[in-house]
Every structure is written in C-alpha cells, then in structure tokens.
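Trainee: Predicted model, plus sequence, below.
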Amino acid sequence: MIEWAIMYVRRIKTRSSTCFQIGKKENGRFVLIKHVGGASKPEQIEMLRLKAREELNRLKFTNQMALFVSLNVPNQAKLTNWHITGFHQVFGHVYDSIGFPQNHLRDLTIARIAYPRSKLATVRYLDQYLGVKLAIDPAYRFLDTLNKDELTKIAFDFVKKKNGNSMALVFYDVTTLYFETSDEDDLRKKGYSKDHKHDLPQIVIGLFVDKDGYPFDFDFYDGKTFEGHTFPTAVEALTRKYQFADLVVVADAGMLSEQNINFLETMKLSYIVGARLKGMSEKFKRQIFDHNFNQNCIQEISVTNSTSNPGKVFASPIPTPTIKRLIVEYSDKRAKKDKFNREKLVKVLEAKIASKKPLTKRSKYLLVQGKDQVLGIDQDKINLDQRHDGLKGYWTNLQTKTKPQEVIDQYHNLWQVEKAFRMSKSDLLERPIFHRKEKRIAGHLLICFSSLLVMKETERLLKQINLSLAKSIEVLGKVGQGEVMVGKFKLPVDSELSQEAQTIFNKILGH
C-alpha cells in the first residue's frame with residue numbers, strides 16, 4: 001500500500017480540549033506526522049476539524065499528482081448574512097456626542113447621511129444593509145412624534161458649548177424646498193422658487209447657523225412668504241427661546257427693509273445686513289462715488305436720524321436715536337466679475353435683437369418703446385450700472401470699536417449658511433419633499449436638520465486627517481460584520497479594517 005494512503009486525522013479528547021493530529025499506522029502503532037492544534041469551544045473545534053482535513057489533503061498530494069478528484073474536499077466557509085457597521089460606529093458616535101435622543105431618529109439620521117432617499121427606500125436600506133428593522137408605517141408615525149423645540153434646543157446647547165458657551169454672532173438666510181405634486185394647500189404654495197421650480201408648490205425655510213456654519217435652529221413658512229417677511233418672526237422667536245444677553249444678527253440684503261431695520265432697533269439687537277447701494281438716492285450715492293477707492297478700498301459713512309433721507313433704506317424716522325454705519329467696500333476682483341457678467345448679458349441681448357427673435361424676458365438694459373417695441377440697448381442704464389462695479393455695502397449699528405474690516409469679515413461668513421443649504425439639498429437630498437401633512441413635513445425637515453449638524457461636526461473632525469465626508473462614507477461602507485457557516489456552526493466575522501478606516505476610527509472614536 002502507498003504510504004500517503006494510510007495517513008489519517010486522529011481526534012483526541014482531553015479533559016479541557018479536543019486535539020487533532022495527522023499521522024499513520026506503523027506496526028500497529030500511531031506515528032505522529034503533524035499536530036494540527038487543540039480547541040475547547042464547539043465552533044473552534046469545528047474549524048480545527050476542517051483545517052485538519054485540509055492539511056491532510058495537502059500532505060497527501062505534496063509530492064504526487066492526484067489521479068482522481070478527492071471526495072473529501074473540506075467544506076468552504078459560507079457568508080450567511082452581512083451588514084454595514086461603519087456608519088453607526090462613526091456617525092452614531094457623533095450623533096451621541098451632540099446629545100440627540102436614543103430612538104429611531106438616530107438610525108434615520110445615519111441613513112440620511114449614508115443613503116439619502118425616500119422614507120420607503122430608507123427603511124429598506126436600514127434593513128438590508130445596516131441591520132436595523134424598521135417598518136414604513138412605524139417610521140411615518142415616528143415622524144409625527146418629533147419635537148422641534150426639543151431637538152433644536154439640543155442643537156443650540158451643543159453649538160453654544162462649541163463656541164465657548166457664547167452665541168454672540170448668528171447668521172440667518174432662507175431657501176425654498178419644492179414638492180413633487182401640483183396640489184396646493186395652506187402650507188404648500190407656489191411662489192418664488194430658488195430651485196427654479198415655479199410651477200410646483202413649495203415651502204420657505206429659514207435657517208440659523210453659527211460662524212462656522214453649524215445649524216442650531218430653523219423654521220418653515222408657506223411657499224408664498226417673501227423671504228424678508230420671515231426675518232422678524234424668526235429673530236423674535238430665537239431671542240425669546242434662548243434669552244441672548246448680547247446678539248449680533250447677520251443677514252443678506254434680501255432681509256433689508258425699513259420695517260426689519262426698525263424691528264432690530266426696537267429689539268435693541270445689533271446687526272450686520274447687506275446694503276442695496278443701487279436703491280439709494282443719487283444724493284447719497286454721490287458720497288460713495290466721490291470716495292477714492294483706489295487709495296482706500298473701504299469707506300465708512302455714519303447715518304443718524306437727523307441725516308437727510310439716504311434713499312429707500314430708511315424712508316421714515318427710526319424710533320431710537322442710534323447711529324448706523326454704512327460700510328462700502330471695493331474689490332477689483334468683484335469689479336471684473338460685475339463687468340464680465342454685464343457684458344455677457346448685453347451680448348446675448350444684442351444677438352437676440354439682431355436675430356429678431358422675441359424676447360421672453362425683459363432686461364433693464366433694453367430700450368423699449370411702448371409695451372413691446374424693443375429699440376435697442378439702453379447705454380445710459382449700462383453707464384449707471386458701471387459706477388457700482390466692485391462695490392458692496394453693509395449696514396450695521398455696531399459701535400465703532402468694531403472695525404470696518406471686522407464687519408465685512410463677519411458678513412462674509414454668510415457663505416456658511418449657503419453651504420449648509422447646499423449640503424442639505426445636495427448631500428442630504430432634502431428636496432423634493434414627498435410628504436403632505438404638516439407634521440410629516442416637519443419630521444422630514446428635523447431628520448435633515450439633525451443629519452446636517454452631524455455632518456458638520458464629522459466634517460470638522462475629518463478635516464484634521466485630510467479626509468472628505470464623501471470619501472469617509474465610501475470607506476465606512478466597507479466596514480461591517482456578519483456570520484459565516486463553517487461546517488455545522490455559524491461564526492461571527494468582522495471585516496478587516498483598511499488603513500483609512502482605522503485612521504477614521506482613531507480620530508472619531510479615539511481608538
């Protein structure tokens with residue numbers, strides 16, 4: 001008989017373990033060829049048994065070619081289930097650090113960041129990929145239970161703590177979110193759409209963020225609401241809710257009106273708002289145009305109650321005798337952009353006039369006779385606009401100890417609100433909205449709000465290791481755990497962490 005044919009696996013039981021050995025019989029005695037190992041747990045014993053069988057086959061055919069396929073090929077381990085754990089480990093940790101409640105909001109927030117889809121697609125994703133069981137009807141009912149005041153208070157406390165327990169500077173802006181329906185109601189109404197969906201009903205969202213773009217409060221209004229009209233309502237609710245000691249509100253020119261300025265003065269709030277220079281009177285503009293911006297790119301003009309009317313900004317006396325400062329800044333880069341945009345528009349208008357195509361949109365640069373007859377380009381209007389190239393204005397009632405450049409720098413942080421809106425709309429797919437009931441709409445917005453705050457904090461931490469949020473989602477999507485069937489036993493298994501995943505865990509989780 002050939003020597004390898006009599007090799008076999010021997011199983012030995014001791015008091016504390018089970019051992020597997022490979023050997024052969026010689027003169028009626030067992031001769032050890034290789035000790036495979038010992039184990040005590042059933043699943044470990046099963047794995048060791050399979051390993052011994054595999055090793056036996058390897059030894060049999062080390063120096064010989066098999067004439068027949070072995071019928072004793074060991075069973076391969078089979079993956080029986082698998083789910084991603086990386087998202088819950090990282091985004092869940094950040095969610096917990098903010099202080100949000102431990103309920104379905106945690107899972108819905110994590111899913112919104114990793115896989116922003118409809119609620120039906122979300123519950124499928126949670127089940128199939130994240131190992132979270134949540135049916136669609138309980139998910140909808142859960143949306144109705146979310147408390148906006150409670151969640152925004154948690155967010156405010158977190159953001160305030162991040163800012164050294166001080167919230168002296170807040171930024172406000174609005175956007176619109178449309179619905180995939182043609183039906184209107186008391187809330188969902190057609191209006192001016194920033195998404196250019198004027199044919200669909202929408203709502204208006206007002207968002208407050210800190211200087212770093214962290215959202216801490218928001219509200220929503222019916223789709224016909226003019227953005228400037230949301231301002232006093234939102235600010236009054238904010239000050240009543242959080243009892244600020246000193247507050248500076250920063251907003252863009254869309255919030256600027258006589259009523260809003262009067263409101264801020266009455267509330268004794270400090271503000272920085274964008275100024276509409278083109279809407280001011282010519283007498284007031286002359287002070288601006290007479291300034292030599294080549295010599296000093298920043299000009300400051302003080303305006304008091306006794307000052308003659310500077311234009312449409314303050315058409316009536318202000319109720320309190322405060323001094324307002326108009327700060328005007330010139331930027332050569334902005335001037336080039338203004339000129340380029342105007343010349344581009346004029347070229348388009350000239351081409352349409354030459355082709356005699358109908359002009360569906362009227363432009364201020366067109367010279368029109370009567371209602372419909374276009375005579376050409378209005379060069380006077382172009383000349384008037386050229387004077388404003390590169391100029392940007394800012395109104396504030398902050399005292400002069402706040403330097404003009406500080407006012408400008410604080411206003412420029414408004415881009416953080418715009419970035420927050422972009423993240424909500426693009427990364428979180430906040431719109432379109434498919435819900436109809438106001439409670440469901442509010443619930444959807446609260447999930448997006450909590451997700452946005454978690455994303456902002458995660459993004460800050462990832463920046464320290466030079467990783468983007470998008471890249472981290474890609475990396476964490478490969479981190480998971482599941483079960484494999486080995487012989488008769490199911491064994492837990494974890495994915496091996498890549499270097500990038502380990503780096504993320506080290507930074508976020510501290511290990």
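Mentor: Noted; the coordinates are in hand.

Trainee: contacts, neighbours, all on C-alpha from now
Mentor: OK.

Trainee: just checking, residue 87 touches residue 473?
Mentor: Yes. With contact defined as C-alpha atoms under 8 Å, residue 87 counts as touching residue 473 (7.5 Å).

Trainee: low-scoring stretches of this protein, by residue?
Mentor: Filtered on pLDDT under 70, the chain yields the residue ranges 1-5, 62-77, 305-322, 359-361, 425-434, 487, 511.

Trainee: Contacts only, for the residue nearest to the spatial centre of it.
Mentor: Of all residues in the chain, the one closest to the mean position by C-alpha atoms, centre = their mean is residue 423, 3.6 Å from it. Taking C-alpha atoms under 8 Å, 6 or more residues apart in numbering, we find residue 423 in contact with residue 452.

Trainee: any idea how far residue 329 is from it?
Mentor: If you measure residue 423 against residue 329 using C-alpha to C-alpha, to the nearest Å, the figure is 29 Å.

Trainee: more crowded one of residue 87 and residue 473?
Mentor: Between residue 87 and residue 473, counted using other C-alpha atoms under 10 Å, the more crowded position is residue 87 (23 against 17).

Trainee: State whether the more buried one is indeed within a helix.
Mentor: Yes. Using DSSP: H, G, I helix; E, B strand; the rest coil, the assignment for residue 87 is a helix.

Trainee: that older thread, for residue 452, see how far away the residue nearest to the centre of the chain is.
Mentor: 7 Å.

Trainee: From residue 390, how far out is residue 486?
Mentor: In this structure, residue 486 and residue 390 are 71 Å apart, going by C-alpha to C-alpha.

Trainee: Then residue 161?
Mentor: The spacing between residue 161 and residue 390, counted by C-alpha to C-alpha, is 38 Å.

Trainee: now swap in residue 129 and tell me
Mentor: Distance from residue 129 to residue 390, counting by C-alpha to C-alpha: 52 Å.

Trainee: quick one, which of residue 161 and residue 390 is more surrounded?
Mentor: For residue 161 versus residue 390, the count of surrounding residues by other C-alpha under 10 Å is larger for residue 390: 19 against 12.

Trainee: Now do the contacts for that one.
Mentor: For residue 390, the contacting residues are 329-338, by C-alpha under 8 Å, 6+ apart.

Trainee: and the closest residue to it other than its chain neighbours, what helix or strand is that in?
Mentor: Nearest residue to residue 390, sequence neighbours excluded (C-alpha to C-alpha, 6 or more residues apart in numbering): residue 335, at 3.5 Å. For residue 335, the host element (DSSP states H and E) is helix 332-355.

Trainee: List the buried residues for that helix?
Mentor: Going by neighbour count (16 or more other C-alpha atoms under 10 Å), the buried part of helix 332-355 is 335, 338-339, 342, 346, 349, 353.

Trainee: Output the residues you listed as CSV; include the columns distance to residue 296.
Mentor: Supplementary listing: those in CSV, determined by distance: C-alpha to C-alpha, whole Å:
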residue, distance to residue 296
335, 15
338, 20
339, 21
342, 25
346, 31
349, 36
353, 41
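
Trainee: circling back: got phi/psi on the residue nearest to the centre of the chain?
Mentor: With angles defined as degrees, to the nearest 10, residue 423 shows backbone torsions of phi -60, psi -40.

Trainee: Ok, residue 36 next?
Mentor: Torsion angles at residue 36 (phi, psi; degrees, to the nearest 10) stand at phi -80, psi -40.

Trainee: quick one: contacts for it?
Mentor: When contacts are counted by C-alpha under 8 Å, 6+ apart, residue 36 is found next to 19-22, 48, 51-52.

Trainee: Just the ones of those in helices?
Mentor: 48, 51-52 (DSSP state H).

Trainee: By neighbour count, which of these wins?
Mentor: With neighbours taken as other C-alpha under 10 Å, the top of those is residue 52, carrying 25 neighbours.

Trainee: wait, that residue sits on residue 19?
Mentor: No. Under the criterion of C-alpha under 8 Å, residue 52 lies out of contact with residue 19, with a separation of 10.0 Å.

Trainee: Find residues that contact each of residue 87 and residue 473.
Mentor: Counting by C-alpha under 8 Å, 6+ apart, the contacts common to residue 87 and residue 473 are residue 114.

Trainee: I'd like the next helix or strand past the longest helix seen in the chain.
Mentor: Longest helix in the chain, counting residues (DSSP H): helix 438-463. For helix 438-463, the succeeding helix or strand toward the C-terminus, using DSSP H and E, is helix 469-476.

Trainee: So which bits of that next one are buried?
Mentor: In terms of neighbour count (16+ other C-alpha under 10 Å), helix 469-476 has its buried residues at 469, 472-473, 475-476.

Trainee: what does stretch 398-409 give?
Mentor: The neighbour-count criterion (16+ other C-alpha under 10 Å) identifies 398, 404, 407-408 as the buried residues of stretch 398-409.

Trainee: How many residues are close by residue 358?
Mentor: Using other C-alpha under 10 Å, residue 358 has 10 neighbouring residues.

Trainee: what's the answer for residue 296, then?
Mentor: Around residue 296 there are 10 residues (other C-alpha under 10 Å).

Trainee: mind listing what it touches?
Mentor: In this structure, residue 296 makes contact with no residue, judged by C-alpha under 8 Å, 6+ apart.

Trainee: can I assume it sits in a helix?
Mentor: No. The assignment for residue 296, made by three-state DSSP, is coil rather than a helix.

Trainee: how far away is it from residue 331?
Mentor: Using C-alpha to C-alpha, residue 296 is found at 11 Å from residue 331.
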